[in-house]
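Novice: Okay, here's the prediction I keep looking at, along with the sequence it came from:
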Amino acid sequence: MKNTVSTLLKQKQTGDKITMLTAYDYTTAKIMDECGVNSILIGDSLGMVMLGYENTLPVTMEDMIHHTKAVARGAENAFIVADMPFMSYQVSVQEAVINAGRLIKEGNANAVKLEGGAEVCEQISAIVKASIPVVAHLGLTPQSVNAFGGFKVQGKSIETARKLVADAIKIQDAGACMVVLEGIPAKLADIITSKLTIPTIGIGASVGCDGQVLVYQDMLGLTSGHIAKFVKQFANAGEVMRQGITDYINETKAGTFPAQEHTYAIDDAVIEQLIREENE
Ligand code: KIV
């Protein structure tokens, strides 16, 4: 069954947790969809995990559309959310609507996601008026890395906690259909979740959120280097890949790959005739 804004809202109402994972390509999206994940996010985290940038800021609309199209081809039932990259919605409401429209028309996404609270409410309502569902994103919003002075947990002081609660209500009033809460204290995420009628999706937030999201390379053990505290590694796919690649290198060098079962046969008569002709 296709996941939609209505089925996801129903999940909040019935207490059925929403599962969301990032994906950036056809093959991964197909596997996730077959496993039954509710929603796939083509996050601008692709800048880091797929393109090797230091942060999400260099990601372009063309990058997002390219990867969103691939995911949409692989996912039949998951609700597809595409991130709006840095500077694709901040400059003007008109540009925000045009770029959101491109992610739906060209990328085949079901919804777009953008970062920020009160300051992006005008963009949220204009995009929603164009019949495009919007997922908001509050807390440790990675596109604000320079403004925050690094990737730091948000909402720890009374002022910032108060602002996050107020922002959550404002983005809901502006028409957002869901909100990602990233890198905020668990008890604050619980308060926000209890105040909103739209689902909250946590990442480094709380088990009390209506759903969870993780970057798939992190949760499958494909990421090397620093791993955030909130990441649980559910599998060590990195180790499986390393072993497979090493075995391939060793067998190719040893001449044991390809074996006979990996090659195609031909009638002896054809080969004999070919050799005769070559020797004439
Ligand atoms: O870009 C991304 O992957 C995200 C998630 C971390 C929520 O925004």
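Specialist: Received it, and whenever you're ready, just let me know what you need. Residues are numbered from 1 along each chain as shown.

Novice: Give me the neighbour count for N279.
Specialist: By the criterion of other Cβ atoms under 10 Å, N279 has 6 neighbours. Placement of C-beta: from N, CA and C, glycine included.

Novice: any idea how far it lies from E272?
Specialist: 11 Å (Cβ to Cβ, to the nearest Å).

Novice: now swap in P142 and tell me
Specialist: Noted for P142: a distance of 66 Å to E272, by Cβ to Cβ.

Novice: Same check on S144?
Specialist: 72 Å.

Novice: How about K156?
Specialist: Distance from K156 to E272, by Cβ to Cβ: 80 Å.

Novice: quick revisit: who's more crowded, S144 and E272?
Specialist: Neighbour totals were compared for S144 and E272, and S144 leads with 15 against 10 (other Cβ under 10 Å).

Novice: Surely that one is in contact with E115?
Specialist: Yes: under the criterion of Cβ atoms under 8 Å, S144 makes contact with E115 at 7.0 Å.

Novice: Which parts of this structure are helices?
Specialist: 5-14, 26-35, 46-49, 61-74, 93-105, 121-129, 145-148, 158-174, 186-195, 216-219, 237-254, 268-279 (DSSP state H).

Novice: how about CSV for the ones you listed, with mean pLDDT and distance to H226 added?
Specialist: Formatted as CSV, the helices of the chain follow (pLDDT from 0 to 100; distance: least, Cβ to Cβ, whole Å):
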stretch, mean pLDDT, distance to H226
helix 5-14, 98, 31
helix 26-35, 98, 22
helix 46-49, 97, 11
helix 61-74, 98, 23
helix 93-105, 98, 30
helix 121-129, 98, 32
helix 145-148, 94, 14
helix 158-174, 98, 24
helix 186-195, 98, 21
helix 216-219, 98, 11
helix 237-254, 98, 15
helix 268-279, 97, 57
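
Novice: mind putting those helices in TSV, distance to the ligand included?
Specialist: Formatted as TSV, those follow (distance: least, Cβ to the nearest ligand atom, whole Å):
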stretch	distance to the ligand
helix 5-14	15
helix 26-35	13
helix 46-49	7
helix 61-74	10
helix 93-105	14
helix 121-129	16
helix 145-148	12
helix 158-174	15
helix 186-195	13
helix 216-219	9
helix 237-254	18
helix 268-279	54
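
Novice: The nearest residue to C121 once chain neighbours are set aside: what's it in contact with?
Specialist: Spatial nearest neighbour of C121, chain neighbours left out: A174 (4.0 Å); criterion: Cβ to Cβ, 6 or more residues apart in numbering. Counting by Cβ atoms under 8 Å, 6 or more residues apart in numbering, A174 touches 121-122, 124-125, 128.

Novice: Would you mind measuring from A130 to A228?
Specialist: A130 is 34 Å from A228, by Cβ to Cβ.

Novice: before we move on, back to that, most neighbours, which of the contacts of A174?
Specialist: Neighbour max across the contacts of A174 (other Cβ under 10 Å) = I124, 28 neighbours.

Novice: I'd say it and M178 touch.
Specialist: No: using Cβ under 8 Å, I124 makes no contact with M178, being 11.6 Å away.

Novice: shared neighbours, the two?
Specialist: The contact sets of I124 and M178 overlap at A136 (Cβ under 8 Å, 6+ apart).

Novice: okay, how far is it across stretch 68-86, tip to tip?
Specialist: Terminal residues of stretch 68-86 are spaced 16 Å apart (Cα to Cα, to the nearest Å).

Novice: For the ligand, see how far away the residue lying closest to V135 once chain neighbours are set aside is.
Specialist: Take V135 and drop its neighbours on the chain: the residue closest to it by Cβ to Cβ, 6+ apart is K113, 4.1 Å away. In this view, K113 and the ligand are 7 Å apart by Cβ to the nearest ligand atom, to the nearest Å.

Novice: For K113, list the residues it contacts.
Specialist: 41, 43, 81-84, 134-137, 180.

Novice: how near is the residue of the stretch 1-150 of the chain found nearest the ligand to I184?
Specialist: With Cβ to the nearest ligand atom as the measure, G43 is the residue of the stretch 1-150 of the chain nearest to the ligand, at 2.2 Å. Counting by Cβ to Cβ, the gap from G43 to I184 is 18 Å.

Novice: do the same with L57
Specialist: 21 Å.

Novice: Noted, bye for now.
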